[in-house]
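1. take this sequence and fold it.
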Amino acid sequence: QKLLQTIDRLRGEAAEVNRDKRVRSSLSQMAAPKRWQLSDGEIIEVHTPYSTRAKELFELYNGLKLGMLTIDERLDVLLHVKWTVKEFDCNLTRDIVELIDREADLLNRGRSEASLEGLRKRLANLFLQFVRTPEFNPEAARFQRVPHEMSAVQESPSGMPSSLGSGTALPMGA
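-> Numbering: from 1, shown residues only. Sure, this is the predicted structure:
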């Protein structure tokens, strides 16, 4: 019984480590400069506006995931993340700002690191969702399995794409 629990716990920890590696790998690929080959065969690295934005978001994500920061350092990271997401107004960014404000309040009240663990995990996951959204990070579009335009087409109850109207039948031969 105890051995099975230990195996399950270790399996969960390994899955978390592997997930974190995959996330960091994809974010670092987004942030990497483009490599272009010149006509003379030389390869140069070019930092595009999209890759620069991805690099900034990657650094903010890493800052959110860092442990062992002083309260002032953590508040500084939170403030930078808040400025970044406030450029946009949607439910996701409002949720991120709300969690940042909640964590800053709890830090100022002197709450322990352990009591903030769940809040920090939720904040990091929401910010990761922000980073992976092409509207906020254009470089993320290259890493989506389903093109963003395709996922935007919603099916209506009639089975017709909602972009074709309210599901009413189209006249034949029109």
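2. tell me, what residue is most central in the chain?
-> In the chain, the centroid-proximal residue (Cα atoms, centre = their mean) is L128; its distance is 2.0 Å.
3. shouldn't that one be in contact with N62?
-> No: L128 lies out of contact with N62 (Cβ atoms under 8 Å); the separation is 11.2 Å. Backbone N, C-alpha and C define where each C-beta goes, glycine included.
4. show me what the helix ranked longest in the chain packs onto, helices and strands only.
-> If you go by DSSP state H, the chain has its longest helix at helix 2-31. Packing partners of helix 2-31 (3 or more Cβ pairs under 8 Å, 6 or more residues apart in numbering; DSSP states H and E): helix 49-65, helix 117-131.
5. which residues does the residue nearest to S26 when sequence neighbours are not counted contact?
-> Nearest residue to S26, sequence neighbours excluded (Cβ to Cβ, 6 or more residues apart in numbering): F143, at 5.7 Å. F143 makes contacts with S26, Q29, M30, R132, as judged by Cβ atoms under 8 Å, 6 or more residues apart in numbering.
6. which of the residues you listed has the most neighbours?
-> Neighbour counts for the contacts of F143, by other Cβ atoms under 10 Å, peak at M30, which reaches 23 neighbours.
7. any idea which helix or strand in this protein has the lowest mean pLDDT?
-> Ranked by mean pLDDT, DSSP states H and E, the weakest helix or strand in the chain is helix 148-152, scoring a mean of 53.
8. list the contacts of the residue nearest to the centre of the chain.
-> Neighbouring residues of L128 by Cβ under 8 Å, 6+ apart: V23, Y61.
9. so what pLDDT did it get?
-> Looking at L128, its pLDDT is 96.
10. return the distance of it relative to S115.
-> As judged by Cβ to Cβ, to the nearest Å, L128 and S115 stand 22 Å apart.
11. any regions of this protein where pLDDT drops low?
-> Scanning the chain for pLDDT under 70 picks out the ranges 147-174.
12. which SSE is L99 in?
-> helix 91-108 (DSSP states H and E).
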